[in-house]
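Novice: Build the 3D model from these lines:
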Amino acid sequence: MTLIKTKNILTIVALAMFLGFSNQAKSQSLNGTPFYWKINLEYDEVYSLNGSFFAVRNGNKWGVVKENRTILPCKYDAIDALGDDMISFVENGLTGFADTTGNVRITPRYAPSNDTEIVDNYLINTFINGGCVVYDRQTKTYKLINNEGQTLLGDSVTLVSRTGNAVVIKQGEGYGMTDAMGNVTYKPGNIKIEMLIPTLFSYTVRQFNGDLLYGLLNDKGEILTEARFVDFQAYSKNNLQYLKAYLKNGLQALFDGNGKMIVDALYQVAESTVLPDFFKVTQDSYCGIIARKDSSYLMYLQPVFNDVRIIISKDTFFIAKNGSTTTIQYANGRKFGADGGASYLVNTNVMDIVATEAGYRLIVEKDFMYGVLDEQFNVVIEPKYNEVYSVVGSWLTVRQKDKWGAVNMVTKQEIEPAFEKIKIADNKSYAVFVGNKKKSVLLKATNEIIDFAKCNDVLAASSYIEYNVNKKKERLYLNGQVIPPTFLVIGYPKEGMLPVEDKKGWTYVDDKTYQPKTDKYYDFATYFFDGYAVVVIGTKVVIIDKAFNELETILECKDKLVSLLGSTAGLISLSYSVNKEYVIIRNSGKQGVLGIKKIK
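Specialist: Below is the predicted model:
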């Protein structure tokens with residue numbers, strides 16, 4: 001986003017939403033640019049139902065509009081939701097439904113979703129896959145209906161819950177499942193059906209001896225496992241869903257989020273690791289590592305350790321700990337340690353393994369202090385740091401007491417811990433140390449160290465850092481480029497152009513040479529995106545092209561409020577860059593929607 005004199009994007013959004021403009025809205029595309037008025041600037045409030053249909057309010061009444069075409073007039077108390085081309089609306093305290101052509105299909109008769117009688121929402125008043133759960137106040141029951149308002153479940157059937165396409169029902173004393181249209185997918189008969197994760201459910205069966213056992217169903221009502229488990233527990237790791245399934249004898253199986261058994265019930269505990277086919281298993285309180293290969297398993301570490309874990313660096317390593325000793329081995333079985341010497345560490349915890357030009361380095365903790373060893377367990381850096389933060393090339397960023405610095409894990413060179421703050425680039429190509437009375441330091445992964453002016457904070461971008469010196473913004477590029485001192489504010493370089501502000505105002509320069517690309521000046525200017533930019537000229541927000549032609553005035557303000565207009569221009573360009581399809585903008589208490597058709 002172009003750098004402007006506002007603190008963050010939340011400020012930009014808030015300013016843009018409360019900005020007053022004269023009404024210049026048009027429904028057609030703006031002079032061949034990627035922008036057009038999706039919804040005219042004429043409503044008191046607008047919010048999106050799905051990006052194409054928008055709920056709009058005039059006064060205290062709501063309606064629905066799509067591409068400046070009224071679907072439902074502003075005469076309803078509320079617009080609730082849109083699903084399956086059915087819009088739920090509230091009129092006189094009751095919910096009804098209309099289709100996306102504006103025809104009322106179900107007259108208002110059901111409780112609105114915010115009704116105090118509704119305890120469980122069940123995605124209420126929202127059509128999904130042809131069916132919708134509603135609440136009938138007269139009968140005080142939940143119902144499943146189709147888009148004609150017909151009840152899909154018989155009077156003898158009670159709706160228990162709904163998750164996506166799966167509807168859990170109860171008939172008599174038995175639980176079953178239907179799809180969203182009320183078609184039975186699992187015949188009622190079990191003691192209970194409960195959701196574990198959105199696509200998986202447990203079903204309960206009572207044995208002849210009175211014991212309860214659980215099996216697994218998917219959301220289609222298909223049985224995935226027989227009822228042989230005494231409990232299921234869902235958990236997530238590395239953004240993946242898993243289910244632990246326990247047998248009566250204490251053994252545990254592991255299922256993935258699709259209900260596939262990935263570890264049979266062979267051990268007391270089976271858990272996922274950072275590698276999808278490797279699992280940590282526990283037997284009699286001792287841990288090991290197995291890997292699944294087709295329908296069989298490979299044992300990498302026997303369950304004889306107090307703890308095991310996997311570290312992935314250039315290779316895969318297994319860290320195994322027993323009492324005070326730690327061993328490290330490659331996936332092929334070769335162990336770390338000196339030939340003919342120590343093959344394990346004592347009273348030392350391995351935090352990470354890092355590949356360097358001199359071989360692997362072990363980041364270790366001993367007596368609550370951190371240091372570095374090599375593959376033979378020789379000390380490279382004595383454990384003397386209170387905290388390690390990140391790795392940049394061969395450098396380890398560290399904290400000693402309350403100050404930050406870095407140490408090279410190969411050469412042992414140190415940037416003395418003397419800085420209040422540290423920033424790391426997202427790609428870990430560099431680290432920046434600031435908050436020192438004498439200087440700041442840029443450390444590159446290539447081992448280059450650059451001193452620059454003292455400052456208290458820094459913006460860490462992909463190709464440069466940005467900081468303030470004497471209230472003036474400075475930029476230091478990683479390739480050594482220097483920004484001319486005449487630039488007061490610097491924008492974001494894109495498409496060969498850099499928006500900058502000098503004493504005359506905002507203009508564009510070449511992002512490599514900093515030579516002017518135009519003699520035109522603006523009150524504010526954004527970066528270019530697919531050949532367009534948004535600028536502020538006086539009281540107007542204008543789209544320009546790379547020839548700096550003024551293509552179209554998007555909005556015009558009654559007063560020259562540069563910071564507010566600049567916020568709007570920045571919001572529009574940002575929305576385009578992050579692939580948003582629209583921007584909601586306010587106009588003197590009226591809102592509209594500026595549509596975006598991104599150039600492919």
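
Novice: Any buried residues in stretch 179-197, and which?
Specialist: By 16 or more other C-beta atoms under 10 Å, the buried positions in stretch 179-197 come out as 179-180, 182, 184-186, 188, 190, 192-193, 195-197. The way it works is simple: take the backbone N, C-alpha and C, and place the C-beta from them, glycine included.

Novice: Could you tell me which of those residues belong to strands?
Specialist: Counting by DSSP state E, the buried residues of stretch 179-197 place Val184, Thr185, Tyr186, Pro188, Asn190, Lys192, Ile193, Met195, Leu196, Ile197 in strands.

Novice: could I get those residues as TSV with pLDDT and distance to Gly595?
Specialist: Putting these into TSV (pLDDT from 0 to 100; distance: C-beta to C-beta, whole Å) gives the following:
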residue	pLDDT	distance to Gly595
Val184	97	44
Thr185	97	41
Tyr186	96	45
Pro188	95	49
Asn190	88	50
Lys192	94	49
Ile193	96	45
Met195	95	39
Leu196	96	41
Ile197	95	37
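
Novice: Give me the contact list for stretch 275-282.
Specialist: Contact partners of stretch 275-282, identified using C-beta atoms under 8 Å, 6 or more residues apart in numbering, comprise 240, 254, 262-263, 266-273, 287-293, 300, 303, 308-310, 312, 316.

Novice: please redo it, this time with the cut-off set to 6 Å
Specialist: For stretch 275-282, the surrounding residues in contact (C-beta atoms under 6 Å, 6 or more residues apart in numbering) are 263, 267-271, 273, 287-288, 290-292, 303, 308.

Novice: Return that stretch as PDB; C-alpha atoms alone will do.
Specialist: What follows is stretch 275-282, C-alpha atoms only, in PDB (Å, rounded to 0.1, in the frame of the first residue of the first chain):
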ATOM      1  CA  LEU A 275       5.500 -34.900   8.500                       C
ATOM      2  CA  PRO A 276       2.100 -36.300   7.200                       C
ATOM      3  CA  ASP A 277       3.100 -40.000   7.200                       C
ATOM      4  CA  PHE A 278       5.200 -40.000  10.400                       C
ATOM      5  CA  PHE A 279       3.600 -40.500  13.800                       C
ATOM      6  CA  LYS A 280       4.600 -40.300  17.400                       C
ATOM      7  CA  VAL A 281       3.500 -43.400  19.300                       C
ATOM      8  CA  THR A 282       3.500 -44.200  23.000                       C
END
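
Novice: so can I have TSV of the contacts of stretch 275-282 showing pLDDT and secondary structure?
Specialist: Compiled in TSV, those are given as follows (pLDDT from 0 to 100; DSSP: H, G, I helix; E, B strand; the rest coil):
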residue	pLDDT	secondary structure
Val263	94	strand
Tyr267	95	strand
Gln268	95	coil
Val269	95	strand
Ala270	94	strand
Glu271	93	strand
Thr273	92	coil
Cys287	96	strand
Gly288	96	strand
Ile290	95	strand
Ala291	93	strand
Arg292	87	strand
Pro303	95	strand
Val308	96	strand
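
Novice: and Thr568, helix, strand or coil?
Specialist: Following DSSP: H, G, I helix; E, B strand; the rest coil, we place Thr568 in the helix state.

Novice: Pull the number of nearby residues for it.
Specialist: Other residues near Thr568 come to 27 when the count uses other C-beta atoms under 10 Å.

Novice: same deal with Tyr330?
Specialist: Applying other C-beta under 10 Å, we find 13 residues neighbouring Tyr330.

Novice: so who does it touch?
Specialist: So Tyr330 contacts Asp315 (C-beta under 6 Å, 6+ apart).

Novice: Which residue ranges make up the domains of the chain?
Specialist: Domains of the chain are assigned by automatic domain parsing as 1-53+493-526+530-600, 380-484.

Novice: ok, of these, where does mean pLDDT dip lowest?
Specialist: Note on the domains of the chain: lowest mean pLDDT is at domain 1-53+493-526+530-600, with a mean of 82.

Novice: any chance of the domains of the chain in TSV, with distance to Tyr360 too?
Specialist: Listed next are the domains of the chain as TSV, based on distance: least, C-beta to C-beta, whole Å:
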stretch	distance to Tyr360
domain 1-53+493-526+530-600	38
domain 380-484	10
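
Novice: Give me the below-cutoff pLDDT ranges for the stretch 51-200 of the chain.
Specialist: Scanning the stretch 51-200 of the chain for pLDDT under 70 picks out 121.

Novice: so which pair among the contacts of stretch 275-282 is furthest apart in space?
Specialist: Using C-beta to C-beta, the contacts of stretch 275-282 span at most 18.7 Å, a distance reached by Gln268 and Ala291.

Novice: Leaving out the residues flanking it, which one is nearest to Gly149?
Specialist: Distance criterion C-beta to C-beta, 6 or more residues apart in numbering; nearest residue to Gly149, sequence neighbours excluded, is Ile106 at 4.1 Å.

Novice: Show me what the one you found is bridged to.
Specialist: Note on Ile106: beta-bridge partners by DSSP bridges are Phe97.

Novice: ditto for Asp136
Specialist: For Asp136, the beta-bridge assignment (DSSP bridges) gives partners Thr141.

Novice: Leu240 now?
Specialist: Lys237.

Novice: between the ones in strands among the buried residues of stretch 179-197, which is nearest Arg475?
Specialist: For these, the nearest to Arg475 is Ile197 (47.2 Å; C-beta to C-beta).
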